[in-house]
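below are the sequence and a predicted model; questions follow.
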Amino acid sequence: MHPHRSLVALGAALLTVLLAALLVVLAGPSTALAEKRKGHQPVGDKRKRPNVVMIMSDDQDFRSMWAMPQTRELIGSTGTTFQHEAVTLPLCCPSRATFLTGQYPHNNGIQWNAAPGGGYYKLDGSETLPVWLQRAGYRTVHIGKYLNEYGEKDPTEVPQGWSEWYGGVDPTTYDYYNYTLNHDGKLRTYGESPRDYSTDVIGRIASHQIKKSSQGNKPFFLNVAPIAPHTVAAGNGATKEGTPAVPAPRDADVFANTPLPPWPNFNEADLSDKPALLPYFPKPLGADAIDSLTDHYDGRMGAVLGIDDLVARVEDSLHQAHVARNTVVIYTSDNGWILGEHRLSDTDTTNRRAGGVKFLPYEASSRVPLMISGPGFPAGRKVKSPTVNADLTSTILDVADAKPGLPQDGISLRGVAQHPKRTADRGVLTEAFANPRLVPPYKSIHTKRYRWDQTEVGFTGLIDLKLDPWELQSVHDDPRYTEVKKALQAGLAQLRDCAGASCRDVRVDPPEPTGKPLDPH
């Protein structure tokens, strides 16, 4: 067994005895590749602008990163980890549309996964990040998942802005085998052999494209988008959640029969502070729901091991091509996934058993991993101030010295990585809109310490993440937080309809809570 698999398998076992967190401390350097980057971050090759590799997983919650030691070593320890990365809307298509446009959903108009509220065909592809990078002289390559519904009208279509295209064709995108990729206008359907496992196929294509791109005279942008750890939802085109994610054959047993971690907010006993949830989840989760969620957890955690190998393969390819020192590598996800926290689960699934939930503002859904290594991102730095996925677009444009064709709602994280205190009081927005699932639309502001949620029907929620990281008790009615609430309300008022510059510099600096605590009786 690979040494990383041994380490992760040990972690899976320790989960059963409440010691999983110990692995984060015990995990050691994974390969010599990390040492090649570590401590040797150049300011960039003056003869050539940096290459950029974006690796975006699908539905990965930020807490699962403990099971990816190679990624944490190769990108996290050699670069900068952004510890509070929020997404503009915790749903696949809107989040990815934010990355392609650099805009909040209320500005780019992509507010759901499918038509009429969103989907591939609603986004104007003539002004997106790859188009801007091509204009700036970059070679652009996409591999894997794109936007929901891509390929449903014309599976051979190649979207604007891509020099080479290996896009997953919906609805087959949402399977780990028997899926179709559009290879620059020619369709290729993969089979059921271990070699056809989708994450590994995407990794092999990425490795080939790094070698090919590095031989040219242009800098390159490589967008790598595995579907892991998304559910298997090809049968319904990801209009609802599917069956559990599928690990690579080599990882099938690592998390098999592993119980759910003992999260303090799992199957939360008291939802009285969350009246918006109580009507939908009046009773705690039953045994069958917990069994189903456990199956999802085991599949998801096994699937992220394949992504960890993909990251290592990408890093190895960059070194083999002698371009690693002049390449910015970004690792993140489009949104998280709630798996029983606060009693939340979804039974509108293909097998009618409990599945996970996204779309909501809770941390497991709206907060995702983010690590960036390469020129301009100090090794080993951890940034606590809030960031948002609209920042990724501005960051890549900054690295590439490229001009956007749309107003940008985010800021470059290169400056944040170098001077994190300058954005310590920043506020960023998560939002949701009217939808076919009848989830109440909301606007939320994230700061370094707080998250304030406001729905259109008037419900508010205030979480003090410093004192309550598991979101067990909303303090929106606690008199100690009156002035905190005012400051957050003012910040949210600036963000809710912001555009461009007005989104980028929203500062919120609430005072410390003061006074007597709320009497629970």
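Structure received.

how many residues are close by residue 365?
25 (other CB atoms under 10 Å). Every residue, glycine included, has its C-beta placed from N, CA and C.

where does it sit: helix, strand or coil?
Secondary structure assignment for residue 365 (DSSP: H, G, I helix; E, B strand; the rest coil): helix.

contacting residues for it?
Counting by CB atoms under 8 Å, 6 or more residues apart in numbering, residue 365 makes contact with 61, 90, 335, 336, 337, 338, 357, 358, 359.

again, only using 7 Å
90, 335, 336, 337, 338, 357, 358, 359 (CB atoms under 7 Å, 6 or more residues apart in numbering).

then residue 307?
Residue 307 makes contact with 57, 68, 199, 226, 228, according to CB under 7 Å, 6+ apart.

cool, and residue 367?
Residue 367 touches 62, 84, 85, 86, 336, counting by CB under 7 Å, 6+ apart.

residue 407 now?
499, 500.

and with 10 Å instead?
101, 102, 103, 107, 499, 500, 501, 502, 503, 504 (CB atoms under 10 Å, 6 or more residues apart in numbering).

please apply the same query to residue 304.
Taking CB under 10 Å, 6+ apart as the test, what residue 304 contacts is 8, 57, 60-61, 64-68, 71, 199, 226, 228-229, 245, 247, 251, 255, 333.

which element is it on?
helix 287-320 (DSSP states H and E).

let me know the next secondary structure element after that helix.
Assigned by DSSP H and E, the successor of helix 287-320 is strand 327-333.

buried residues in that next one?
327, 328, 329, 330, 331, 332, 333 (16 or more other CB atoms under 10 Å).

ranking helices and strands of this structure by mean pLDDT, which lands last?
helix 22-26 (a mean of 35; mean pLDDT, DSSP states H and E).

mind putting the contacts of residue 307 in a markdown table, secondary structure included?
As requested, the contacts of residue 307 are arranged in a markdown table below (three-state DSSP):
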| residue | secondary structure |
| --- | --- |
| 57 | strand |
| 68 | coil |
| 199 | helix |
| 226 | coil |
| 228 | coil |
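
state the pLDDT value of residue 270.
At residue 270, the model reports a pLDDT of 93.

now residue 436
For residue 436, the predicted pLDDT is 87.

residues near it, how many?
Count around residue 436 with other CB under 10 Å applied: 11.

that one and residue 151, how far apart?
22 Å (CB to CB, to the nearest Å).

try residue 216
Using CB to CB, we find residue 216 at a distance of 28 Å from residue 151.

more crowded one of these two?
residue 151 (22 against 10).

the more buried one - nearest residue in space that isn't next to it in sequence?
residue 169 (3.7 Å; CB to CB, 6 or more residues apart in numbering).

now the strand or helix carrying residue 54 - C-alpha only, PDB.
Using DSSP H and E, the element containing residue 54 is strand 51-57. Output of strand 51-57 as PDB, limited to C-alpha atoms (Å, rounded to 0.1, in the frame of the first residue of the first chain):
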ATOM      1  CA  ASN A  51       1.400  29.500 -15.900                       C
ATOM      2  CA  VAL A  52      -1.800  28.800 -13.900                       C
ATOM      3  CA  VAL A  53      -3.300  25.500 -13.000                       C
ATOM      4  CA  MET A  54      -6.700  25.500 -11.400                       C
ATOM      5  CA  ILE A  55      -7.900  22.200  -9.800                       C
ATOM      6  CA  MET A  56     -11.500  22.400  -8.700                       C
ATOM      7  CA  SER A  57     -13.200  19.400  -7.100                       C
END
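
can you pull the contacts of the residue positioned nearest the centre of the chain?
Central residue of the chain (CA atoms, centre = their mean): residue 333, 2.0 Å from the mean position. By CB under 10 Å, 6+ apart, the residues touching residue 333 are 55-62, 64-65, 85, 87, 92, 95, 229, 304, 307, 367-370, 389.

same thing with residue 447?
So residue 447 contacts 84, 385-386, 424-428, 465, 484, 487-488, 491, 506-510 (CB under 10 Å, 6+ apart).

that's a strand at residue 143, yeah?
Yes: judged by three-state DSSP, residue 143 forms part of a strand.

ok, it to residue 393 distance?
19 Å.

state the phi and psi torsions of residue 381.
phi -80, psi 140 (degrees, to the nearest 10).

what of the one 3 residues further on?
Here the main-chain torsion angles of residue 384 (degrees, to the nearest 10) amount to phi -90, psi -20.

right, and it touches residue 85 too?
No: counting by CB atoms under 10 Å, residue 384 does not reach residue 85; the two are 11.1 Å apart.

these two: which is more packed in?
residue 85 (25 against 14).

report how many residues lie close to the closest residue to the more buried one other than its chain neighbours.
Excluding the flanking residues, the one nearest residue 85 by CB to CB, 6+ apart is residue 370, at 3.7 Å. Using other CB under 10 Å, residue 370 has 28 neighbouring residues.

just residue 433 next, same as before
Neighbours of residue 433 using other CB under 10 Å come to 17.

please renumber so the chain begins at 473
Taking 473 as the first residue, the last one we looked at is residue 905.

next, it: phi, psi?
Dihedral angles (degrees, to the nearest 10) for residue 905: phi -130, psi 180.

identify the residues contacting it.
Contacts of residue 905 by CB under 10 Å, 6+ apart are 561, 566, 577-578, 583-584, 589-590, 911, 913-915, 928.

buried only: go through the residues you listed for me.
Buried subset of the contacts of residue 905 (neighbour count, 16+ other CB under 10 Å): 561, 566, 577, 578, 583, 584, 589, 590, 911, 914, 915.

list the buried residues of the helix holding residue 776.
761-762, 764-791.

swap in stretch 586-598?
586, 589, 590, 591, 592, 594, 595, 597.

grab the nearest non-local neighbour of residue 744.
Using CB to CB, 6+ apart, the nearest residue to residue 744 is residue 750, at 7.2 Å.

same deal with residue 654?
Nearest to residue 654 is residue 639, by CB to CB, 6+ apart, at 4.9 Å.

and stretch 898-913, C-alpha only, in PDB?
C-alpha atoms of stretch 898-913 as PDB (Å, rounded to 0.1, in the frame of the first residue of the first chain):
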ATOM      1  CA  ARG A 898     -13.400  42.400   5.100                       C
ATOM      2  CA  GLY A 899     -16.900  41.100   4.400                       C
ATOM      3  CA  VAL A 900     -18.000  38.800   1.600                       C
ATOM      4  CA  LEU A 901     -21.400  37.700   0.300                       C
ATOM      5  CA  THR A 902     -23.200  34.300  -0.100                       C
ATOM      6  CA  GLU A 903     -26.600  34.500  -1.700                       C
ATOM      7  CA  ALA A 904     -29.400  32.400  -3.000                       C
ATOM      8  CA  PHE A 905     -32.500  33.100  -5.000                       C
ATOM      9  CA  ALA A 906     -36.000  31.700  -5.800                       C
ATOM     10  CA  ASN A 907     -35.600  28.100  -6.800                       C
ATOM     11  CA  PRO A 908     -37.600  25.000  -7.700                       C
ATOM     12  CA  ARG A 909     -36.700  23.300  -4.400                       C
ATOM     13  CA  LEU A 910     -38.500  26.100  -2.500                       C
ATOM     14  CA  VAL A 911     -35.600  26.800  -0.300                       C
ATOM     15  CA  PRO A 912     -36.100  30.400   1.100                       C
ATOM     16  CA  PRO A 913     -33.800  32.900  -0.800                       C
END
